[in-house]
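K.L.:
requesting a structural model of the entry that follows:
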Amino acid sequence: MNVGLHRGTRFRVLGALLLALGVSGCDEAGSEGTDPACEGAKCDAAGDKDEADATRTCFGVRGNGQLIFAHFGSLARIYENYGLMWGASGGSSGSITTFIADSIQMNPQLTDCGDEACSAEEAGNRAALLFKSMEGYLEVLGQTEEAVALLQLAPLVAKIQQAGIEGLAAEDAAAAQAALLELLQSEDLRDLINDELVDMVAASPDPAFHVQDVAGAIATLAEFNADSDVIFVRPGLIDFEKFGEKIGRIANFYAAYGPYRAEGMATFFESCATPGKGKMWSEVAELPAGDGATCGSLFGDLAKEYREALLADEASFPKRIDDTVGSNMHVLISTSVLEGDAVGQWQASFDAYLAAEPRPLDVDFNDVRFGYFGASEDLDRVEENREGYKDAKTGKFRSLGEVKWRTALSYSPAEPGLTRALEISETQVSAGGWSDLHPTLVLNNLGCEQTIYVTRRGATSTFVSHDRRDDEAQPGGVATLLGMTDAQWADLYDVFSPSSFDLSLKEADAVWCTDWNAQAATDVAGTVKDAYNALLVSDDEYWTAAYDNNGDGEGIGGCASVAPAAAAD
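P.N.:
Now for the predicted structure:
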């Protein structure tokens with residue numbers, strides 16, 4: 001989608017030249033070669049670049065909260081059309097999706113087709129089948145802690161909303177405090193509830209203030225409101241470390257960690273992957289899988305058996321969340337970071353909130369950085385900015401180093417409103433993964449040759465910032481609350497100017513343009529269907545040749561550049 005020699009084409013021309021000269025990206029021992037994105041042991045990793053003409057294909061995914069199943073529908077179609085990915089990036093709920101994708105690609109049976117290795121096409125079909133089966137996982141294990149966590153506690157939030165505690169707090173603070181504590185500590189809630197929130201409510205110096213504020217926040221949790229800086233200091237309902245543990249169980253299953261039944265999964269792949277290509281899960285689930293079973297019933301049995309065996313002795317099995325981010329795929333997980341004077345300002349506001357004496361959060365947006373977790377060599381490569389981007393988002397890059405998945409998942413999905421800002425260190429505080437919702441630029445700097453961006457129609461989310469060009473727009477959004485000026489908004493998020501958002505769309509080789517905001521979060525099948533059949537915006541034959549529903553996306557803000565041509569130059 002660039003003018004001139006396309007970035008993906010440039011890489012393929014270079015690859016052909018290297019091949020002609022007898023130079024591969026890595027030598028036979030897997031040592032560092034001429035490929036800047038192939039270093040050390042990573043040269044031998046599955047999906048890495050081990051031939052000069054291999055294409056490093058990557059996806060970036062925009063976070064979308066409770067509509068996360070749109071990610072799985074999108075990636076199912078992308079994987080079955082384009083195969084396994086070399087790299088990926090996401091923030092907020094996109095970090096969860098990237099974790100699931102990374103785990104799926106670790107499954108050894110994606111590439112093991114019995115007596116011989118799977119073809120690239122079959123491997124893609126198998127990965128796509130696993131993305132589709134997330135619907136099946138929800139169907140058969142919908143009441144489990146991990147399924148509830150995947151939906152960001154929506155079923156449990158509904159119970160709290162129905163209790164009417166916010167209204168009670170205005171009449172009888174002590175009664176409301178007792179009712180809220182009883183609910184937060186109930187059997188079906190406590191395993192995911194944030195202990196810090198419980199302790200604060202129990203020890204509040206002003207129960208009327210804290211109970212009413214917390215109950216009111218829970219009542220609007222699913223709306224992702226960002227109209228008060230209290231969202232940065234109010235302890236949240238969800239404990240994101242516990243949350244990561246539950247998501248980790250799903251990842252364990254898909255990565256074949258623990259009590260995984262390989263024979264049954266082999267039957268599932270053989271019966272359902274290639275026959276299911278081009279089909280939604282509802283259609284795949286009806287396909288025959290031998291011995292009177294269907295693909296749906298076989299998967300359900302495998303998922304239930306796995307979970308029962310895992311919980312019987314969970315401590316003895318390895319956990320995906322204890323793997324290092326970037327140790328398999330080349331992965332970047334983003335979160336916003338407060339540094340400098342912003343840390344002290346935040347700490348003062350947090351202490352004041354706990355004392356029931358809230359004070360404004362006065363932050364300079366220059367002290368807000370856009371941080372990324374990943375492998376050290378990947379982060380170093382991105383920080384070098386090999387593509388030479390000069391935009392505002394690239395200028396805010398901050399390497400957060402190598403961490404385990406449990407750490408990354410305790411920060412990036414922890415958006416303001418879901419929980420308070422969280423300390424990374426004495427000098428850094430994470431304020432959630434909203435900061436880079438269009439991560440194509442970091443992926444290109446990482447070394448991706450073909451980058452597809454999974455997103456939805458529409459401009460910047462009002463959760464990040466309202467349209468600053470609209471004089472009648474209500475003030476709000478997390479970036480605005482953190483001191484972002486009109487000029488900084490225009491540089492970062494204005495789709496009608498040469499902003500970082502606009503550049504991110506231009507620098508994507510393809511955009512997977514869903515309409516997930518038009519879907520109901522409770523309609524999982526409808527959300528997946530829209531995403532699976534979404535418009536592909538690209539002019540690159542690498543993408544368009546494999547998928548018919550494609551076009552230039554003209555006039556579709558959020559999926560294609562709508563900045564004036566003169567400004568774009």
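
K.L.:
going by C-alpha atoms from here, please, whenever you check contacts or count neighbours.
P.N.:
OK.

K.L.:
may I see the buried residues of stretch 481-500?
P.N.:
Applying a neighbour-count criterion of 16 or more other C-alpha atoms under 10 Å, the buried positions in stretch 481-500 are 481-484, 488-500.

K.L.:
repeat that for stretch 345-354.
P.N.:
Those buried within stretch 345-354 under the rule 16+ other C-alpha under 10 Å are 345-350, 353-354.

K.L.:
and the furthest pair within the residues you listed?
P.N.:
Greatest spacing in these, by C-alpha to C-alpha: Q345 and L354 (14.6 Å).

K.L.:
out of the buried residues of stretch 481-500, list just those in helices.
P.N.:
Members of these lying in helices (criterion: DSSP state H): 481, 488-492, 500.

K.L.:
and of those, the nearest to A128?
P.N.:
The closest of those, once distances to A128 are taken by C-alpha to C-alpha, is S500, at 31.0 Å.

K.L.:
from C513, how far out is that closest one?
P.N.:
18 Å (C-alpha to C-alpha, to the nearest Å).

K.L.:
got a list of contacts for stretch 495-504?
P.N.:
By C-alpha atoms under 8 Å, 6 or more residues apart in numbering, the list of residues contacting stretch 495-504 from outside reads 391-393, 438-441, 459-460, 490-494, 557-558, 561-564, 567-568.

K.L.:
filter those residues down to the buried ones.
P.N.:
Buried by 16+ other C-alpha under 10 Å: 391-393, 438-441, 459-460, 490-494, 557-558, 561-563, out of these.

K.L.:
how about low-confidence regions in this structure?
P.N.:
Within the chain, the stretches with pLDDT under 70 are 1-53, 143, 148-157, 159-160, 188-189, 221-223, 470-475, 565-569.

K.L.:
okay, now the domains of it?
P.N.:
Recorded structural domains for the chain (assignment: automatic domain parsing) are 1-54, 154-191+193-237.

K.L.:
angles on the backbone of T451, please.
P.N.:
T451 adopts backbone torsions of phi -120, psi 130, taken as degrees, to the nearest 10.

K.L.:
check contacts around it.
P.N.:
For T451, counting by C-alpha under 8 Å, 6+ apart, the contacting residues are 57-60, 440, 443-444, 508-510.

K.L.:
what are the bridge partners for it, then?
P.N.:
On the basis of DSSP bridges, T451 is bridged to C58.

K.L.:
one more: V429?
P.N.:
Under DSSP bridges, the beta-bridge partners of V429 are L338, E423.

K.L.:
can you tell me the centre-most residue of this protein?
P.N.:
When C-alpha atoms, centre = their mean is applied to the chain, the residue found nearest the centroid is G94 (1.0 Å).

K.L.:
so which elements touch the helix or strand containing N252?
P.N.:
Taking DSSP states H and E as the criterion, N252 maps to helix 240-255. Applying 3 or more C-alpha pairs under 8 Å, 6 or more residues apart in numbering; DSSP states H and E, we find helix 240-255 packed against helix 93-106, helix 145-150, helix 405-411.

K.L.:
turn these into CSV, columns for distance to L535.
P.N.:
Written out in CSV, the entries for those read as follows (distance: least, C-alpha to C-alpha, whole Å):
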stretch, distance to L535
helix 93-106, 20
helix 145-150, 26
helix 405-411, 30
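
K.L.:
which ones among the contacts of T451 map onto helices?
P.N.:
Within the contacts of T451, residues falling in helices by DSSP H are 440, 443-444.

K.L.:
which stretches in the stretch 51-200 of the chain count as strands?
P.N.:
Along the stretch 51-200 of the chain, counting by DSSP state E, counting those that start in this stretch, strands occupy 57-61, 87-91, 112-113, 116-117.

K.L.:
and T407, which of those strands is closest to it?
P.N.:
strand 87-91 (13.3 Å).

K.L.:
what pairs with the closest one, parallel or antiparallel?
P.N.:
For strand 87-91, the paired strands and their directions (DSSP bridges) are strand 57-61 (parallel), strand 330-338 (parallel).

K.L.:
following the longest one, which helix or strand comes up?
P.N.:
Towards the C-terminus, the helix or strand next in line after strand 330-338, according to DSSP H and E, is helix 341-354.

K.L.:
now stretch 291-306: buried residues?
P.N.:
Result for stretch 291-306 [16+ other C-alpha under 10 Å]: buried residues 294-300, 302-303, 306.

K.L.:
actually stretch 262-272, not the one I typed
P.N.:
By neighbour count, with 16+ other C-alpha under 10 Å as the criterion, the buried positions of stretch 262-272 are 265-269, 271-272.

K.L.:
nearest to L536 among those residues?
P.N.:
Minimum separation from L536 among the buried residues of stretch 262-272 (C-alpha to C-alpha) is found for C272, which lies at 25.3 Å.

K.L.:
doesn't V284 make contact with the closest one?
P.N.:
Yes. Counting by C-alpha atoms under 8 Å, C272 touches V284, with 6.6 Å between them.

K.L.:
burial check on G344, number of neighbours?
P.N.:
G344 sits with 16 neighbouring residues when counted by other C-alpha atoms under 10 Å.

K.L.:
no, scratch that, I was asking about G290
P.N.:
Residues lying near G290 (other C-alpha under 10 Å) number 12.

K.L.:
any idea how far it is from G300?
P.N.:
Distance of G290 to G300, computed by C-alpha to C-alpha: 15 Å.

K.L.:
next one: G447
P.N.:
Noted for G447: a distance of 38 Å to G300, by C-alpha to C-alpha.

K.L.:
spatially nearest residue to T544, not counting backbone neighbours?
P.N.:
Counting by C-alpha to C-alpha, 6 or more residues apart in numbering, T544 lies nearest to N550, which is 6.3 Å off, once chain neighbours are set aside.

K.L.:
OK, contacts around that neighbour?
P.N.:
Listed by C-alpha under 8 Å, 6+ apart, the contact set of N550 reads 535-538, 544.

K.L.:
most tightly packed of the strands paired with strand 87-91?
P.N.:
For those, ranked by mean neighbour count under the definition mean count of other C-alpha atoms under 10 Å, the leader is strand 330-338 at a mean of 29.

K.L.:
ok, longest helix in the protein?
P.N.:
Using DSSP H to define each element, the chain has its longest helix at helix 120-140.

K.L.:
distance of S435 from R456?
P.N.:
For S435, the distance to R456 (C-alpha to C-alpha) stands at 17 Å.

K.L.:
equivalent analysis for R56, please.
P.N.:
24 Å.
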